[in-house]
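Engineer: kindly generate the corresponding structure for this input.
(2 chains)
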Amino acid sequence: MPAHVDAALPPPTIRPRLAATIAGFGVLAAACCLLAPLVGSTSISLGRAFDRTIPFADNVDAQVFFVARLPRVVAAALVGSSMALAGAVFQALLRNPLASPDTLGVSAGATLGAMIVIAFHVDASVFGISAVPVAAFAGSAGALAIVYAMSVARRHGTSTTVLLLAGVALSALLGAAVRFIQILADFTDTFRSVRWMMGALDVGSYNQVVASLVPLAVAFTAIFSMTRVLDLISLGSDAAASRGVDVRRAERIGLVGASLATGAAVSLGGPIPFVGIIVPHIVRLVVGADHRLVLPGSALFGASFLILCDLVTRTAFGPVEPPVGTVTAMIGGPFFLWLLFRRAL
Amino acid sequence: MALITTESVSFAYRERGPLAVAGVSLDVGRGRILGLLGPNGSGKTTLLKLLSGTLEPSAGRVAFDGTPLTRMARRDIARRIAVVPQETHAAFDFSALEIVMMGRFPHLRAFELEGEADFAIARNALAATGTAPYERRRFSTLSGGEKQRVVIASALAQATDVLLLDEPTASLDLGYQLEIATLLLRLNQDRGVTMIVSTHDLNLAATLCTELALLQEGQLVAHGATHDVLTPDHIRQVYGVIAEVAVHPRAGHLTVVPVARAR
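Structural biologist: Predicted coordinates for the structure are as follows:
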C-alpha cells in the first residue's frame, strides 16, 4: 500500500498547536467580548466606553457598555464555554460524538431542578449560593446518575444508540415534569419560565454571573485536569486502564465536572440547546481529536459562538427579540442532522 | 524467578456468581511466549484482564516480579505491562501516530507534554511494526491488519517488559495473521518482550508460543511446553474435537488438523 498522508490531519507536535489553538480561539473570544457590547439599539463607541477622562456617571457609552450590555455578554461567554466543555467531556467519556448535555437528558435534569425552585419561589440558599444553581446541579447530577448507570451497563453490551435513545426518553420524561410544573405555576411565572427555557441571557446585573463563578471554577478545574485522560478513555475503558488511567476516578471527576458545568450554565442562562454538540465538533474539525487542544478550543469557541448567537437575537429580528435558544437550535438542528448523515454514510 | 506469577487466582463477575477463572496458578518466565488456549467462555480474556490488573482477583493473587499487582499504582503497572485488545475503535479521528503516542502516557507526569525522546520511541515502534507510512493517516481509515499493527506499536511505545495480547489475529485474514505472528516473534527475539497471547487459533499458538496453558471452564487443564500441551488428547478433552497433530515438514512446527466432532 502506498504511503499516504491525510492532508487534513495536523502535524504531530503538540506545543505549537496548543499555542495556535489558544491564540486563535482566544483572539476570537476576546474580540467577541469587546465588540458585541458595542452593537445594539443605541450605538456606542469603544473608545468612549474606555475613556477614563470622562467620569463614569457622565459617560453614557461606558454605562451602556459596562452596565447594560457587558453582563449579558459575559453570561453568554460563560454559558457557551460551560456547555461546550460539558459536551466535549460527555462525548469522550461515553465514546460517542453525538453525546451532549441535551441528547443525554442532563440539560433537562438541570432545567427541572431550576424550574422547581423558580416556580415554587424557593428562596433558601445553601452556603450563601442561591437555590437555583444548587437545584440545577442536583437535577443534572440526578439525570447523569441514570446516564452513568446506563453507560456502565453499556460495557456489558448495551450499544451507544441505546444510550442516546435513553437520553431522548429521559429528556421527554423530565420535559413532561417541567410542563406539569408550569401548569401549576401562575400565568406570569409560566410565561417567564417558557422564555427562560429557550435561553435567557439578559441577566440584568453581574450578581448572577458572579454567583456562577464558584461552581464553574470547580467544574473547569476538574475538566481541564483530565485533558489527556479523555483521549485515552475515548479508546475504551480497558485501553485507558492498560495505559495507566484510573478509569473509575477519571469518570467520576469528568461526570461531576460536566454536570456541574451544565447545572451552572442552565441556572445562569437556561437550557440553551445544541451548543454542547456543535462547538466541540467544529473545534475538532479545526484542531484535530487531541483533547489537550479540543478542551481549550471548545471553551473559547463556545464563548464566541454563544455571544454571536445572542448578538443575532438582539439585532436580526427587528423589535422582536427571540430567546437565544431559537438561534442555537436553528443552527444546531441542521448541524446535528448533518453529523448523523455523515456518520451513517 | 518468574516474571509473572498467579497463585490460585479466581474471579467471578458477580458476587457468588460462577467463577470465570477458578484457582489458576501459572508462572511465566522472562522472554517467554505463553499461549492461552481454551474454548469460548473458558476464561482466557478474564485471565488476561487479571494479569493486566484491570480486574482484581476475587481470591488468590497476581504478582509482577514478586510484587502483587494490587500493591502497584495503575501507572506503574502500565510501565511494565501493555495490552493489545482484540479490536480497537477510536471514537474520534486520531492519527496513527497519536494512537501510538498514547502509549507514552504512563511515562509522562500530569500535564507533561511529550518530548523529542517520546516521538523517537513512537516512531521506532511504528517502524518496528511496519506502520511508519501510516503515521499521519487517520486510524479509522486503516484496514483491520493495519489497525492491529498500529495498536501493537502503541503497546511497544509503552516500553514494557510484558505484552498481553487478546486474540490479536481474530478479525484478520490469513495474510495479516501470518504477518502479525511474524511480527510478534521478531519482537520477542529482538527485544526480549515477554508475551502472553490468548487465541482460538491452535496453529497460530503452535507457530508462536514456547509454552501453552489450556483452560476449560475457568480451570487450568494443562500447562507446559507447546508440544506437551498441544496433543490430540487435550484437544479432544477441551474442545470435544478429534484432531491430528503433527510437525509440519516445511513450517517446522506443530500443525493441528481438526478431523471430526468427538462423540
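Engineer: please make it C-alpha for all contacts and neighbour counts, starting now.
Structural biologist: Will do.
Engineer: what does the stretch 151-300 of chain A put close to chain B?
Structural biologist: Residues of the stretch 151-300 of chain A lying close to chain B (Cα under 8 Å from any Cα of the partner chain) are A:228, A:231-232, A:234-236, A:238-239, A:241-246, A:288-290.
Engineer: now do the contacts for residue 114.
Structural biologist: Chain wasn't specified; assuming chain A. A:132-133, A:135-136, A:139, A:266-267 (Cα atoms under 8 Å, 6 or more residues apart in numbering or on different chains).
Engineer: switch to chain B, please.
Structural biologist: A:14, B:104, B:108.
Engineer: can you put those residues in CSV and add secondary structure and distance to B:Val150?
Structural biologist: Below are the contacts of B:Glu114 laid out as CSV (DSSP: H, G, I helix; E, B strand; the rest coil; distance: Cα to Cα, whole Å):
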residue, secondary structure, distance to B:Val150
A:Ile14, helix, 20
B:Arg104, helix, 14
B:Leu108, coil, 21
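Engineer: quick check, stretch B:176-188 touching chain A?
Structural biologist: No. Under the criterion of Cα under 8 Å from any Cα, chain A is not reached by stretch B:176-188; the shortest gap measures 13.5 Å.
Engineer: got the contact list for that stretch?
Structural biologist: B:31-33, B:129, B:145, B:149, B:168-169, B:193-195, B:204, B:207-208.
Engineer: follow-up on the earlier one: top of the contacts of A:Ala114 by neighbour count?
Structural biologist: For the contacts of A:Ala114, the largest number of neighbours (other Cα atoms under 10 Å in any protein chain shown) sits with A:Ala136, at 33 neighbours.
Engineer: and that one, that's in a strand?
Structural biologist: No. Applying DSSP: H, G, I helix; E, B strand; the rest coil, one finds A:Ala136 to be helix, outside a strand.
Engineer: please tell me how far it sits from A:Gly270.
Structural biologist: A:Ala136 sits 10 Å away from A:Gly270, going by Cα to Cα, to the nearest Å.
Engineer: return every residue with contacts to both of these two.
Structural biologist: A:Thr111.
Engineer: ok, the residue lying closest to B:Lys147 once chain neighbours are set aside - contacts?
Structural biologist: Nearest residue to B:Lys147 in three dimensions, chain neighbours excluded: B:Phe139, at 6.7 Å (Cα to Cα, 6 or more residues apart in numbering or on different chains). In this structure, B:Phe139 makes contact with B:90, B:93-96, B:99, B:147, judged by Cα under 8 Å, 6+ apart.
Engineer: dump those into CSV; add secondary structure and pLDDT as well.
Structural biologist: Below are those laid out as CSV (DSSP: H, G, I helix; E, B strand; the rest coil; pLDDT from 0 to 100):
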residue, secondary structure, pLDDT
B:Ala90, coil, 90
B:Asp93, coil, 90
B:Phe94, coil, 94
B:Ser95, strand, 94
B:Ala96, helix, 95
B:Ile99, helix, 96
B:Lys147, helix, 93
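Engineer: from these, which would you call buried?
Structural biologist: Taking 16 or more other Cα atoms under 10 Å in any protein chain shown as the criterion, what is buried in the contacts of B:Phe139 is B:90, B:93-96, B:99, B:147.
Engineer: find the closest residue to chain B in the stretch 51-200 of chain A.
Structural biologist: Ranked by Cα to the nearest Cα, the top residue of the stretch 51-200 of chain A for proximity to chain B is A:Arg95, at 5.3 Å.
Engineer: quick check: that residue vs A:Gly204, distance?
Structural biologist: 39 Å.
Engineer: count of residues packed around the residue lying closest to B:Arg236 once chain neighbours are set aside?
Structural biologist: Leaving aside its sequence neighbours, B:Arg236 sits nearest to B:Ile242 (Cα to Cα, 6+ apart; 5.5 Å). Burial of B:Ile242 is recorded as 19 neighbouring residues (other Cα under 10 Å).
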